[in-house]
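Trainee: Next comes the sequence, and after it the predicted model I'd like to discuss.
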Amino acid sequence: MSLNTSYRFEKQTEKASLKRALNRQKERIKYDELMVTREAIVKSEQQTSEQAEWSEGLETSSGRIREDIRRMKQEMQMTGKALVEVRRKSLQTLLQKEYDMYEKELQLQGKAFYFKRD
């Protein structure tokens, strides 16, 4: 039997209990539809909330990354300065050793560096 035929048969009967059952069924269907829409709203809000948390996480990690990059650049600058100082000191040491060596050679020959006195 099709639904239309059974519904026509049920509709034609005058029994109150059947009408109450149909009304309860309609109310249950309306309630179920209302619950489905509410669940959809809750699910949508949860998704929005998760997206917001994810976005905030990106901002936080992005800020940390920027801070790490800034710190690395600063460390590279300080490393460059330290390297220049080390090279400068090494060059000064080398020049002093060469000066001492030339001075000894000149002393063996009985000569000396010329210094202008003020």
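Mentor: Everything's here; your move. Numbering: from 1, shown residues only.

Trainee: for the record, mean pLDDT for the helix or strand harbouring residue 43?
Mentor: Using DSSP states H and E, residue 43 sits in helix 16-109. Helix 16-109 carries an average pLDDT of 90.

Trainee: What is it packed up against?
Mentor: On a contact count with 3 or more C-beta pairs under 8 Å, 6 or more residues apart in numbering; DSSP states H and E, helix 16-109 meets no helix or strand. Heads up, the C-betas are built off the backbone N, CA and C, glycines and all.

Trainee: quick one: contacts for residue 71?
Mentor: Counting by C-beta atoms under 8 Å, 6 or more residues apart in numbering, residue 71 makes contact with nothing.

Trainee: Number the chain from 739, please
Mentor: In the new numbering, first residue 739, that becomes residue 809.

Trainee: center of the protein, which residue is that?
Mentor: residue 799 (2.8 Å; C-alpha atoms, centre = their mean).

Trainee: Who are the contact partners of that residue?
Mentor: With C-beta under 8 Å, 6+ apart, residue 799 has no contacts at all.

Trainee: how far does the helix holding residue 781 sit from the chain's center?
Mentor: Centre-to-centre, helix 754-847 and its host chain are 4 Å apart (C-alpha atoms, centre = their mean, to the nearest Å).
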